[in-house]
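Chemist: A predicted structure for the sequence below; I have some questions about it.
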Amino acid sequence: MLAFSLLGFVLLCILGPLHRLLGTEIAAIDLALVIVVYLATKTDDRSVLNSLRPAGAIDPAIVIAVLVIGYFCDLLGGGTKGLHAFSLSAVYLVGRLLSEHLYLSGVFPQIVVTFFAAIGSSLIVVLLRSITGSVPTVELMAMLAVQALVTGLFAPPMFRLLNWMDRRLAGQDNRRGTIRF
Amino acid sequence: MPLPRKIRELLLAALLLGLPLAFWQANVKAPHETNVVDRFFLRVSAPLQSAITWATDGVYRGWRRYIYLVAVEEENEQLRTEKNRLLHQLRMTKRKVRKVQRYEKLLAFRSARGIQTVGARVVARPTSPFVRGLRMRIDRGRELLRAGLPVLTADGLVGRTGRVFGDYADVILAVDPKSAVDVVVRRTGARGVLRGVAGTDRLHCRIDYLSRDEEVKVGDLVVTSGAAGVFPRDLPVARIARIAASAASLHKRVEATPAVEFSDVDEVLIVLAPPPPKVGQINEPVRRARGLTP
């Protein structure tokens, strides 16, 4: 799980400046969300994740990873601490509950599921912020929709990368006969 | 005894949602509204946050220093332009400071001398000591000047006005072969006449009629005697550069270098009316040098 957390941290670090460089902050990709969706929905037997848990179960290591990735998001995003950690945790739990019923082997399903996960995550963030008095605007909602769409479109290559990493880690674990965190 | 799977997962889900929510609440509250739990969360998270911020800053620093260099070239160009502009400004300021210092020197000189002068700016001059240009042109003309007026700087005698036309006048330098200035050696009071030498490579002069019995040495300052009534007395004119005595002559052959660096002169004073010398003071430099005055 440390590998997934570190990957999330590095990608978050790189992506912020990259968006500023390209001037694409309005359509920023939520990579942390993609990682969390992957962690929540992965059911492949050859995955290192599934060596840690029975199908549909919540694994403590992944819970920590999700919390850490959410915390990174909050720190690097400059918002209130705990906001993204909470929304990503919620996405993870919902994803975990639905993981046995979701079909994610194709590109299109991956896009759709990630899109809805991004919308859900954004709605939680907006809801929590509105509690503290920050009124959401139409522009903000439109921007979140665009970001969710871009995140959804970016999900398939990211899933492939995570899958590749997952298999490499699973191979190492099989060779060593131990579970790596 | 291990917990049943259902309960364990419920606890994990509660932890997953509760921990960030509590953390968020602790961060949202105003400092005076926080309770013990909030303060605990903030205290626990502070070192972690500091470590992560340090790591993030490291990544960003590396990013900005080694990867994100798109604007650096443009910024360098801007800074170079700015540097050049400031250097130019500095040069101009230094020039102005030098100008003010020259003016101050000239004003102090004029006040000390108590002579009636008018200032002028040099508009053309010999640009190099290796070029024989024996005329200077100043921006004062007929309105104030006439031919033959002494021209000087705070360093000493420059020459006298020559042709005056319109708003300009030519200055015949003291080193011009046509020029003759009655001088004395300030240290000894030895008298002579300073004339320009028609050389081709430098501005220098000689002192005629300096008696072979007079004791002078290289480096002695030569000043105007004031005797002819043309130049105010005691103005530095030159320094003795070479002395040659001939047994067959009554006078020494003395070469001198001008006290004023003509290529550096930008402003001059033209003496309109020198103060009339008091009786008995006409040859004061001579008398003083010979110990005749206290």
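Modeler: Sure thing, it's come through. Numbers count the residues shown, from 1 in each chain, chains lettered A, B, ... in the order given.
Chemist: okay, buried residues for stretch B:57-71 please.
Modeler: Applying a neighbour-count criterion of 16 or more other C-beta atoms under 10 Å in any protein chain shown, one finds B:Val59, B:Trp63 buried in stretch B:57-71. Backbone N, C-alpha and C define where each C-beta goes, glycine included.
Chemist: helices or strands next to the host helix or strand of B:Val223 in the packing?
Modeler: Secondary structure from DSSP states H and E places B:Val223 in strand B:221-224. On a contact count with 3 or more C-beta pairs under 8 Å, 6 or more residues apart in numbering or on different chains; DSSP states H and E, strand B:221-224 meets strand B:180-185, strand B:236-245.
Chemist: which one is the residue in chain A that chain B sits nearest to nearest to, not counting chain neighbours?
Modeler: In chain A, the residue found nearest to chain B is A:Gly82; the distance is 3.0 Å by C-beta to the nearest C-beta. Once flanking residues are discounted, A:Gly82 sits nearest to B:Trp24: 3.0 Å by C-beta to C-beta, 6 or more residues apart in numbering or on different chains.
Chemist: ok, the residue nearest to B:Glu215 when sequence neighbours are not counted - contacts?
Modeler: Nearest residue to B:Glu215 in three dimensions, chain neighbours excluded: B:Thr188, at 5.7 Å (C-beta to C-beta, 6+ apart). By C-beta atoms under 8 Å, 6 or more residues apart in numbering or on different chains, the residues touching B:Thr188 are B:Glu214, B:Glu215, B:Val216, B:Asp220, B:Ala289.
Chemist: so which of those comes closest to chain A?
Modeler: Chain A lies nearest to B:Asp220 out of the contacts of B:Thr188, by C-beta to the nearest C-beta, at 75.1 Å.
Chemist: ok, that closest one touching B:Val183?
Modeler: No. Using C-beta atoms under 8 Å, B:Asp220 is not in contact with B:Val183; the gap is 10.9 Å.
Chemist: wasn't B:Val44 part of a strand?
Modeler: No. Secondary structure of B:Val44 (DSSP: H, G, I helix; E, B strand; the rest coil): helix, not part of a strand.
Chemist: that one and A:Pro156: what is the separation?
Modeler: 38 Å (C-beta to C-beta, to the nearest Å).
Chemist: so which of these two has more stuff around it?
Modeler: Counted by other C-beta atoms under 10 Å in any protein chain shown, B:Val44 and A:Pro156 do not tie: A:Pro156 has more neighbours, with 17 against 12.
Chemist: quick one, helices of chain B?
Modeler: Using DSSP state H, the helices found in chain B span residues B:5-28, B:36-62, B:72-113, B:284-289.
Chemist: worst average pLDDT in those helices?
Modeler: Of all these, the minimum mean pLDDT falls on helix B:284-289 (a mean of 57).
Chemist: how far does the longest helix along chain A sit from the chain's center?
Modeler: The longest helix of chain A (DSSP H) is helix A:138-176. With C-alpha atoms, centre = their mean, to the nearest Å as the basis, helix A:138-176 stands 7 Å off its chain's centre.
Chemist: ok now do the nearest residue to B:Glu255 once chain neighbours are set aside, which residues does it touch?
Modeler: Nearest non-adjacent residue to B:Glu255, counting by C-beta to C-beta, 6+ apart: B:Arg242, 4.1 Å away. By C-beta under 8 Å, 6+ apart, the residues touching B:Arg242 are B:Val218, B:Val254, B:Glu255.
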